[in-house]
Structure formats: C-alpha cells, structure tokens
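**Q** Predicted model and sequence follow; I will ask about them next.
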Amino acid sequence: MRILLLSDIHANLEALDAALAAAPSFDTIVNLGDIVGYGASPNEVASRSRELGKVFVRGNHDKAATGLMDLDDFNPMAAAAAIWTRDTLTPENLHWLRELPHGPVSLPDFPDIQLVHGSPNDEDEYVVSLGDALAPLITLTMPLTFFGHTHLQGGFFANGSSADGFRPEYRTVGQAESVPLQLKANARYLINPGSVGQPRDGDWRAAFALYDSEANVVHFHRTPYNLKAAQDRIFAAKLPPRLATRLAAGR
C-alpha cells in the first residue's frame, strides 16, 4: 500500500494542487489536520480534501475556525485569519471541519500505524525537538506515528536505548525533489510529512510524503507551486499581508 501523507495545507489551494500533481502514484490519502487557517482558499481546500480521502485528523486551526477552541493562544495574525475563515466557510464545510476526529486516529488495515496532529499525548502539543519527542517515543505502543502541526518535515526515532531526530536533505531550493528514508523494523518512529501550504523550515516549496508499506520506506517530497497566486489571494481577501509575504521565505 502506498499512502500519500498530507498535513497543514492551511487553505493554500495552489500548494495543494502542486503537491497532488507532483505526487507519485498512491493508493490512499491521509490528512493530518490544519486544512484551513492562514490561507485564502478555505472552501476550495476543504472541498478538495473531502473529495480526495476519508482519513482525517483535526488540527488546532480547524478547531479555531469552527469555534471549537478560543483564540487566546493564537497570535493576532493567526486569530484574524481564523475569524475570517469562520466567516468565509460555507455551512457545509464548517460542519464537516467541526466533525473531524480527535487524534490519535487508526488507519484501517494498518494496526501498527497511528495518525495525530500534534503529539500522540496531546493533539495541540508541538513536537519540535528530540526532547519533545522522547516522552511519546518511550510510551508509544505503535511502531509508526505520523504527525503534523510543527510544519517541519522529518521526525524522530527510538531504537532500544538510543533516540535521534532526522531531516531530509535536498539538493536545490526550487525544483521538485524526493528523499527516501528506510525504516528499521525494530525502531519506533514519529514522522512529519511537512506542511503543504505553510512550510516553516526555510524552504518555500510545498512539502508532503509518501509511505510505501511493502518496502517500509517513507519518501519525503518538496515541490514548487504558484507562490504569487497564493499570495495574491491573501492580499485580495484583505488578510494580514504578512501571511502572504512569509510564504516566500518558508517561515
């Protein structure tokens, strides 16, 4: 089975379209949350996501945009985008986003895999460093957890008494590329496919991943997209301009 892993699209339709166009053949799609927020195409991205797959985990921006959490922990820019998104979503998409499941979510036919947005221990917790990852890695009962939230492509593993983090290394900053990671049978992994629509690792390209269960390999991907079109949508929507300009820096 070849599983396409999408996360943190953040209402960036141009990035989503580019990721889908660049993706190798796959059998199913899973979505790790934050379908909306920040970007200016919440209805288009929500509708497209619903058409593409059936396995979802809710993200904190999905909750914020549908009134399931307050905005006290959001910075003013993120809060403004959440309020705009809430007012822009169709009733149908608003209801669908509100009903997205709380992680961890199991993947049918794959008992060794779980899906979360943040940490396996807390859906809103950020797993950024090895220190953040150690507690869930120690307590994990499943070998493989796919997560999002941080917008940082890569992950962490534990093997016996050792643990470490990893990031894919790419050769360019403007072309479509992929980097494979061979998973070890006796290790536990937390793997983030990266953010489709709001990368924060200094690489502006849309990020996603593909898991080949037969080969036990994760292929990390980056692909360019129509950045200007995504920015122009944000400007036209009168969202905070910084939401558009930061896309070019991948921050």
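**A** The structure has been received and is ready for your questions. Numbers count the residues shown, from 1 in each chain.
**Q** I would like the residues contacting the host helix or strand of F220, please.
**A** Using DSSP states H and E, F220 maps to strand 217-223. Here strand 217-223 makes contact (C-beta atoms under 8 Å, 6 or more residues apart in numbering) with 18-19, 21-24, 153-154, 168, 170, 176-183, 191, 193-194, 203, 205-212. Every residue, glycine included, has its C-beta placed from N, CA and C.
**Q** Spell out, range by range, the strands that occur in this structure.
**A** 2-6, 28-31, 55-56, 105-107, 110-115, 144-146, 154-159, 162-166, 177-182, 188-192, 206-212, 217-223 (DSSP state E).
**Q** Could you dump the ones you listed into JSON lines and include mean neighbour count?
**A** Listed next are the strands of the chain as JSON lines, based on neighbours: other C-beta atoms under 10 Å:
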{"stretch": "strand 2-6", "mean neighbour count": "23"}
{"stretch": "strand 28-31", "mean neighbour count": "20"}
{"stretch": "strand 55-56", "mean neighbour count": "20"}
{"stretch": "strand 105-107", "mean neighbour count": "18"}
{"stretch": "strand 110-115", "mean neighbour count": "18"}
{"stretch": "strand 144-146", "mean neighbour count": "26"}
{"stretch": "strand 154-159", "mean neighbour count": "21"}
{"stretch": "strand 162-166", "mean neighbour count": "13"}
{"stretch": "strand 177-182", "mean neighbour count": "15"}
{"stretch": "strand 188-192", "mean neighbour count": "23"}
{"stretch": "strand 206-212", "mean neighbour count": "26"}
{"stretch": "strand 217-223", "mean neighbour count": "22"}
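**Q** which residues touch the closest residue to P120 other than its chain neighbours?
**A** Among residues not flanking P120 along the chain, P136 sits closest, at 4.7 Å (C-beta to C-beta, 6 or more residues apart in numbering). Residues near P136 by C-beta under 8 Å, 6+ apart: 119-121, 127, 145, 190.
**Q** And for P193?
**A** Contact analysis of P193 by C-beta under 8 Å, 6+ apart lists 5-7, 32, 146, 148, 153, 207-209, 220.
**Q** likewise D27?
**A** Contacts of D27 by C-beta under 8 Å, 6+ apart are 1-3.
**Q** Need the worst-confidence member of those.
**A** In terms of pLDDT, M1 ranks lowest among the contacts of D27, with 93.
**Q** you'd agree W96 is up against R50?
**A** Yes. W96 lies in contact with R50 (C-beta atoms under 8 Å); the separation is 6.3 Å.
**Q** can you tell me the average pLDDT over stretch 26-39?
**A** Mean pLDDT, computed over stretch 26-39, is 97.
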